[in-house]
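Visitor: next input, structure requested:
(4 chains)
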2 protein chains.
Amino acid sequence: MLMPSKTASGADQTRQRIIRAAERLFLDHGFDGTSLRLVTSSARVNLGAVNYHFGGKDALFEAMLARRFDALHAARLVLLDEYQAAAHHAPPSCEQLLTALFKPALVLARESEPGCDFLRLLGRAYIDPSPVLRRLLADRYGPAIARFKDAFAEALPQLSRQELSWRLHFTLGALAYTLAGTDAWKLISAIQPDHQRDDELLLRRLTPFLIAGLQAPAPILDDDVYPVKRTVATSHDATSSRNASDGATP
Amino acid sequence: MLMPSKTASGADQTRQRIIRAAERLFLDHGFDGTSLRLVTSSARVNLGAVNYHFGGKDALFEAMLARRFDALHAARLVLLDEYQAAAHHAPPSCEQLLTALFKPALVLARESEPGCDFLRLLGRAYIDPSPVLRRLLADRYGPAIARFKDAFAEALPQLSRQELSWRLHFTLGALAYTLAGTDAWKLISAIQPDHQRDDELLLRRLTPFLIAGLQAPAPILDDDVYPVKRTVATSHDATSSRNASDGATP
DNA sequence: ACCCTACTCAAACGCTCGTTTGAAACTTTC
DNA sequence: GAAAGTTTCAAACGAGCGTTTGAGTAGGGT
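Guide: Alright, predicted model coming up:
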C-alpha cells in the first residue's frame, strides 16, 4: 500500500492498540490493578499478544511509559538548553525552568490522541508505588531531572542544596498529585470543571503557587517552633510569631 | 489477670497484630499489592483470622485507617476550634491553619509505636488509587476537610473560591506526596538524611513553602501566557514577562 | 458435668493472575 | 505453489488471591 517498508499493517497495529489500552487502564487502576486480560480485552487483542510483542507485563508498561516520557524529557532538555544558551551569564529564572518543564508536557498532551490524557499518565507514573515503575523512572529519567535540579540551584542561590532538594520534592509532589487527578479533590469539595478538565489552566494556576513556594525564605530550624507535647487538645500555645529574618541557610 | 473485664488476652491481641502488620505492609506495597496472606504471615496469625475479626480485606483496611485517622481529625478539629474561638473577629491565619493540620499529625506520629510511621501512612492513604480507600477518605473525612477549607477561605479572602480549591489541592498534593515518601526523592537525588527521617523537620520545611504558595497572587488566566504551538523545540518566545498586578480574581 | 460462646487453625473453594504452549492463519520469499 | 517467516489464537499451566468451611480448643456460667 502506501507504506513502502515491512509489515506495517497488522503487527504494529496490535502493538499500538495494546499500548493505548494499557495507558488508559493504568490511569484508573494503577500498575498492580491493571491485569493483562483487562488490557487485551479492552484492546480487542489476544491475550498472548502482550507476551509476544513486549515480553511481559513489566516490559509492556516500560514501553508504554518510554514512548511518552522519552519524547517529554527530550523536549524539556531542548528547552532548558535554549534558556541556558540565551544568556549564559544570567541563569534561567524559576519561571523559565517551570516553563521548560510544563510546556513540553502541555504540547505532548495536545498532540496525543484524545481520550487518554498524557498529563494524568505523567502524574500517575510518579505516584504509583509499584517498584517496576519506580526503578524505571529513577534509572531512565533521573539524569534529566538532575540537570533541572542544577539549574534550579542557580536560579535559587539563597537556598542550601538540601533545602532546594526538599522544595523540588514538594514541587514534584504538588505537580504529580494534581496531574494524577485522584478523585481526592472531591475531598476539598467540588472543584467546578472550568471547561471539563483544562490542562493548560491547571498548570497556569499551579505555576504561581510553585514559584512563590520555591522562592519563600528558608525556614528557621534550630529552635522549637513546634513545641510538640504529649497532649493534643490542651495546648494553649499559639503559633510562634517569630519572623523569618534571613533567607540564607547556615 | 490484671485486666478486669472480658477476654482481653487473645482476641484483642490478634486484632492489633493484624492491624499493625497491615499498616506496615500497606506502606510499602499499597492496597492492591498487600495480600492477606502477607499480612497474616507477617503478623504470625492464621489466615482466617482477618475475615473472622474484620470481615474481609476492605474492612480490615478501613479499620486500620479509621483507628489512626479518627483520632487525627478529631485532634485537628479541636485545634481549629481553639484558634477560631481565640479571636472570633480575626479568623485564624494560614500559618495557624497549617499548624492545626500538622501538629496533631506530628503528635500522633510520636505517640505511635516505633517502626510504622504514621505520617507515611497518612500520605499513602491520600495517594493510593484503590477505590476502597478513596471512598473511605471522602465519605469519612470529607466534612472535616470542608471545615478547614472554609477556614482557609477566611484566611485568604483575596482568592476566589475556585482558586482556593485548586491551591488547597496543590497543598494536599505536596503534603501527601512528601509524606508518602515514595522513593521518588531519589529522582531529585540524595536528600541527605538530616537525622535519618525527622518528620518534624520535614513539616517545618514544608510549612513556609505552602504558606508562600497559598498567599501568592492569583494568576492571570484570560490571556495567552503559554502560547503553545504544535512544535516543541523551535519556540523562541521567552516566557512572558508580564507581571501579576492585581491579586483578586474577576 | 454440661452447654454456650469466643477464638484458632488447616484445608479447601472458586477465581484471577502472568506466562507458556502448539497449532492454526496469515505474509513474504524464492 | 511450496517453503520460511511472522503473527494470531484458544487452551492450558501453576501460582497466588480473598473467602469459606468445619473441626478443634479454650474458658466462664449455671
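
Visitor: when you work out contacts or count neighbours from here on, use the C-alpha atoms and nothing else.
Guide: Will do.

Visitor: what packs against the helix or strand harbouring residue A:110?
Guide: Here residue A:110 sits within helix A:94-111, counting by DSSP states H and E. Counting contacts by 3 or more Cα pairs under 8 Å, 6 or more residues apart in numbering or on different chains; DSSP states H and E, helix A:94-111 packs against helix A:57-86, helix A:118-127, helix A:131-155, helix A:199-215.

Visitor: does the third one reach DNA strand C?
Guide: No - no part of helix A:131-155 sits close enough to DNA strand C to count as contact by Cα under 7 Å from any atom of the strand; the gap is at least 11.4 Å.

Visitor: what parts of chain A come near DNA strand C?
Guide: Counting by Cα under 7 Å from any atom of the strand, chain A comes close to DNA strand C at A:6-7, A:32, A:34-38, A:47-48, A:51, A:55-58.

Visitor: which members of those residues occur in helices, if any?
Guide: In this view, these that belong to helices under DSSP state H are A:32, A:36-38, A:48, A:51, A:57-58.

Visitor: most neighbours of all the residues you listed, which one?
Guide: Among those, residue A:36 has the most neighbours (other Cα atoms under 10 Å in any protein chain shown), with 20 neighbours.

Visitor: got the contact list for that one?
Guide: If you count contacts by Cα atoms under 8 Å, 6 or more residues apart in numbering or on different chains, residue A:36 has them with A:47, A:50, A:57.

Visitor: from residue A:76, how far out is the residue nearest to residue A:156 when sequence neighbours are not counted?
Guide: Nearest residue to residue A:156 in three dimensions, chain neighbours excluded: residue A:215, at 7.1 Å (Cα to Cα, 6 or more residues apart in numbering or on different chains). Separation of residue A:215 from residue A:76 (Cα to Cα, to the nearest Å): 22 Å.

Visitor: more neighbours: the two, which one.
Guide: residue A:76 (26 against 19).

Visitor: surely the more buried one meets residue A:104?
Guide: Yes - here residue A:76 reaches residue A:104: they are 6.0 Å apart, a contact under Cα atoms under 8 Å.

Visitor: give me the neighbour count for residue A:73.
Guide: For residue A:73, using other Cα under 10 Å, the count is 19.

Visitor: against residue A:212, how distant is residue A:97?
Guide: Separation of residue A:97 from residue A:212 (Cα to Cα): 14 Å.

Visitor: correction: residue A:154
Guide: Relative to residue A:212, and taking Cα to Cα, residue A:154 is found at 17 Å.

Visitor: more neighbours: which of these two?
Guide: Per other Cα under 10 Å, whichever of residue A:154 and residue A:212 has more neighbours is residue A:212, with 21 against 16.

Visitor: distance of the more buried one relative to residue B:55?
Guide: Distance, residue A:212 to residue B:55, by Cα to Cα: 48 Å.

Visitor: returning to that earlier point: the residue nearest to residue A:156 reaches residue A:153, doesn't it?
Guide: No - checked against Cα under 8 Å, the pair residue A:215 and residue A:153 is beyond contact range at 11.5 Å.

Visitor: re earlier: DNA strand D: which of the helices and strands packed on helix A:94-111 is closest?
Guide: Closest to DNA strand D of those is helix A:57-86 (Cα to the nearest atom of the strand; 13.1 Å).

Visitor: how far off centre is that closest one?
Guide: Taking Cα atoms, centre = their mean, to the nearest Å, one finds helix A:57-86 lying 12 Å from the centre of the chain it belongs to.

Visitor: buried stuff in that helix?
Guide: In terms of neighbour count (16 or more other Cα atoms under 10 Å in any protein chain shown), helix A:57-86 has its buried residues at A:57, A:60-62, A:64-66, A:68-69, A:72-73, A:75-80, A:82-84.

Visitor: if we can go back for a sec, pull the most distant pair out of the residues of chain A next to DNA strand C.
Guide: Spatially, the most separated pair among the residues of chain A next to DNA strand C is A:6 and A:32, at 35.3 Å (Cα to Cα).

Visitor: what's residue A:46 sitting at in phi/psi?
Guide: Residue A:46 has phi and psi values of phi -70, psi 150 when expressed as degrees, to the nearest 10.

Visitor: ok, now how distant is it from DNA strand D?
Guide: Distance from residue A:46 to DNA strand D, counting by Cα to the nearest atom of the strand, to the nearest Å: 4 Å.

Visitor: pLDDT below threshold where in chain A?
Guide: In the predicted model, chain A carries pLDDT under 70 at residues A:1-11, A:113-116, A:182-197, A:222-250.

Visitor: out of the contacts of residue A:36, which one sits closest to DNA strand C?
Guide: Nearest to DNA strand C among these is residue A:57, at 3.8 Å by Cα to the nearest atom of the strand.

Visitor: quick one, what contacts that closest one?
Guide: Each residue near residue A:57 by Cα under 8 Å, 6+ apart is listed here: A:36, A:50-51.

Visitor: what is the burial count for residue A:88?
Guide: 9.

Visitor: can you check residue A:129 too?
Guide: Neighbour count of residue A:129, defined by other Cα under 10 Å: 28.

Visitor: would you mind measuring from it to residue B:164?
Guide: To residue B:164, residue A:129 is 29 Å away according to Cα to Cα.

Visitor: residue A:42 now?
Guide: Separation of residue A:42 from residue B:164 (Cα to Cα): 38 Å.

Visitor: swap in residue A:44?
Guide: 43 Å.

Visitor: between the two, who's got more neighbours?
Guide: Remark: of residue A:44 and residue B:164, residue B:164 carries more neighbours, 23 against 13, as counted by other Cα under 10 Å.

Visitor: is chain A contacted by the helix or strand that one falls within?
Guide: Using DSSP H and E, residue B:164 sits in helix B:161-180. Yes - interface with chain A: helix B:161-180 contributes B:162-163, B:165-178 (Cα under 8 Å from any Cα of the partner chain).

Visitor: mind listing what residue A:216 touches?
Guide: Listed by Cα under 8 Å, 6+ apart, the contact set of residue A:216 reads B:208-209, B:212.

Visitor: how close does it get to DNA strand C?
Guide: The gap separating residue A:216 from DNA strand C is 44 Å, by Cα to the nearest atom of the strand.

Visitor: and that residue, what are its phi and psi?
Guide: Phi and psi for residue A:216, reported as degrees, to the nearest 10, are phi -60, psi 150.

Visitor: quick revisit: any quick ChimeraX command for the buried ones out of the residues of helix B:161-180 next to chain A?
Guide: Buried members of the residues of helix B:161-180 next to chain A can be picked out in ChimeraX with the line below, counting by 16+ other Cα under 10 Å:
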select /B:163,165,166,167,168,169,170,171,172,173,174,175,176,177,178
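
Visitor: nearest to DNA strand C, of the residues of helix B:161-180 next to chain A?
Guide: Among the residues of helix B:161-180 next to chain A, and counting by Cα to the nearest atom of the strand, the member closest to DNA strand C is residue B:177, at 25.5 Å.

Visitor: residues touching that closest one, list them.
Guide: By Cα under 8 Å, 6+ apart, the contact set of residue B:177 is A:127, A:170, A:173-174, A:177, B:123-124, B:127.

Visitor: again, only using 10 Å
Guide: Taking Cα atoms under 10 Å, 6 or more residues apart in numbering or on different chains as the criterion, residue B:177 is in contact with A:126-127, A:169-177, B:120, B:122-124, B:126-127, B:171, B:184-185.

Visitor: go on, residue A:76?
Guide: Shown in contact with residue A:76 (Cα under 10 Å, 6+ apart): A:70, A:82, A:97-105, A:144-145, A:148, B:232-233.
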